[in-house]
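Enquirer: my questions concern the predicted model and sequence given below.
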Amino acid sequence: MLIAENLTKKYGDHIALNKLNLTIKEGEIFALLGQNGAGKTTTINLFLGFIAPTDGELKINDLSVIDNAQETKKYVAYIPETVMLYPNLTGLENLKFFSSLAGFKYSQGELTYFLSKAGLQIKAHHQNLGGYSKGMRQKVGIAIAIAKKAKVLLLDEPTSGLDPKASNEFSQILKELSADGTAILMATHDIFRAREVASHIGIMRQGNLVTVIEADKISANELEDLYLQTV
């Protein structure tokens, strides 16, 4: 569902991403670990088409992102560290608006179902986003992904700033989406959550993907040790 082949991004003489090779299949969750500047966000921005690669190829659903920028966006939902929604609209109204931009028209009952599936409590559906916590806003973002029928979910530091309960709830939602076949690429600093939720974990350093591990083959403590040795 997501493929990078020798994907490279340079800014002048600085190599932000160096010949990345990556494949993420349906239902897989791939967590990218690394320090700031390691290339995690650059990778996500390239898949989103926000920036153009210097060299290499990247595909979403077997379509070149470079040659089919608008088409590939149909398959993707993106949740940044801070979800950008309208604070003066309710969760339901935000979901209705953003799903309509993607070409979908849903009944109120369907919108309510999507928000509930994303873990947002019923009483919050009709409250303005301005009063939402970060975790609640993320759940609206997940609901938008569900409503868009996104095959790919791209996440940039999704658990940053969440309390342990909200972080755990978010992890469970990702597992459910994965079970439904969604391919998920997550850039994170959260070693524990990466180990808990991901099927594969990659560690990046200075634009290079230096290690890829199957998450169930390593403990959280071992992963932390490997991360510290690598970066």
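Expert: The structure has been received and is ready for your questions. Numbers count the residues shown, from 1 in each chain.

Enquirer: let me know the pLDDT of residue 78.
Expert: At residue 78, the model reports a pLDDT of 93.

Enquirer: the helix or strand where it lies pairs with which strands, parallel or anti?
Expert: Counting by DSSP states H and E, the element that carries residue 78 is strand 76-79. Note on strand 76-79: by DSSP bridges, its sheet partners are strand 152-156 (parallel).

Enquirer: helix or strand next in line after the partner strand, which one?
Expert: helix 164-179.

Enquirer: how about the helix or strand just after that next one as PDB, C-alpha atoms only?
Expert: For helix 164-179, the following helix or strand on the C-terminal side (DSSP H and E) is strand 183-187. Extracted C-alpha coordinates of strand 183-187, given in PDB (Å, rounded to 0.1, in the frame of the first residue of the first chain):
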ATOM      1  CA  ALA A 183      -1.900   0.700   6.300                       C
ATOM      2  CA  ILE A 184      -0.400   3.000   8.900                       C
ATOM      3  CA  LEU A 185       2.900   4.900   8.900                       C
ATOM      4  CA  MET A 186       3.600   6.600  12.200                       C
ATOM      5  CA  ALA A 187       6.500   8.900  13.100                       C
END
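
Enquirer: quick one: strands adjacent to strand 183-187?
Expert: By DSSP bridges, strand 183-187 pairs with strand 29-33 (parallel), strand 152-156 (parallel).

Enquirer: tabulate the ones you listed (JSON lines), appending mean pLDDT and mean neighbour count.
Expert: (C-beta placed from N, C-alpha, C; glycine too.) As requested, these are exported to JSON lines (pLDDT from 0 to 100; neighbours: other Cβ atoms under 10 Å):
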{"stretch": "strand 29-33", "mean pLDDT": "97", "mean neighbour count": "26"}
{"stretch": "strand 152-156", "mean pLDDT": "95", "mean neighbour count": "24"}
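
Enquirer: for these, give me JSON lines that also has distance to residue 126.
Expert: JSON lines is the format used below for the strands paired with strand 183-187 (distance: least, Cβ to Cβ, whole Å):
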{"stretch": "strand 29-33", "distance to residue 126": "32"}
{"stretch": "strand 152-156", "distance to residue 126": "26"}
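
Enquirer: bridging residues for the one residue sitting closest to the centre of the chain?
Expert: Nearest to the mean C-alpha position of the chain, by Cα atoms, centre = their mean, lies residue 155 at 2.0 Å. On the basis of DSSP bridges, residue 155 is bridged to residue 79, residue 186.

Enquirer: tell me where this protein has strands.
Expert: Using DSSP state E, the strands found in the chain span residues 2-11, 14-24, 29-33, 55-60, 63-64, 76-79, 152-156, 183-187, 200-205, 208-214.

Enquirer: what would the ones you listed look like in CSV with distance to residue 43?
Expert: Shown next, in CSV, are the strands of the chain (distance: least, Cβ to Cβ, whole Å):
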stretch, distance to residue 43
strand 2-11, 7
strand 14-24, 6
strand 29-33, 7
strand 55-60, 9
strand 63-64, 16
strand 76-79, 13
strand 152-156, 9
strand 183-187, 7
strand 200-205, 8
strand 208-214, 9
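
Enquirer: among these, which comes closest to residue 194?
Expert: Proximity to residue 194, assessed across the strands of the chain by Cβ to Cβ, is greatest for strand 29-33 (3.8 Å).
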